[in-house]
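Peer 1: Structural data only, the sequence is not supplied:
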């Protein structure tokens, strides 16, 4: 039966909906990946710059203290990032039986049960 004005049949867009691999869950997963990569790169370059400052301090106590502080903060930032991912994995494993359930969720759409 033709329902359109041009004589072509109208297809139901919800048939064979299947697994939802795109949308909000994938977007959130991509954002988290970008945040982790960006934070890791920032910590790496901050650590490199602080190391360079420490090496070139030439005995200046203020520069040495600033470099050591920056090195410590960079390392603490890396530890916090790894701990956050580990805690998320543990909580995800306890609640859902999979360590990646929260960071890479799988949502099943209608039609694929």
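Peer 2: Received it, and whenever you're ready, just let me know what you need. Values in this document were obtained by computation on a predicted structure and should not be read as measured data.
Peer 1: what does the model give the most centrally placed residue in the chain for pLDDT?
Peer 2: For the chain, the residue nearest the mean C-alpha position is residue 32 (2.0 Å; C-alpha atoms, centre = their mean). Per-residue confidence at residue 32 stands at 82 (pLDDT).
Peer 1: Next up, the contacts around it.
Peer 2: Residue 32 makes contact with residue 103, according to C-beta atoms under 8 Å, 6 or more residues apart in numbering. For every residue, glycine as well, the C-beta is placed using N, CA and C.
Peer 1: Look up which helix or strand it falls in, please.
Peer 2: Using DSSP states H and E, residue 32 sits within helix 24-55.
Peer 1: mind listing what's buried in that helix?
Peer 2: Neighbour counts over helix 24-55 (16 or more other C-beta atoms under 10 Å) mark 43, 47, 50, 53-54 as buried.
Peer 1: After that helix, which helix or strand is next? Please name it.
Peer 2: Next element after helix 24-55 (DSSP H and E): helix 61-96.
Peer 1: Which other helices and strands does that following helix contact?
Peer 2: Applying 3 or more C-beta pairs under 8 Å, 6 or more residues apart in numbering; DSSP states H and E, we find helix 61-96 packed against helix 24-55.
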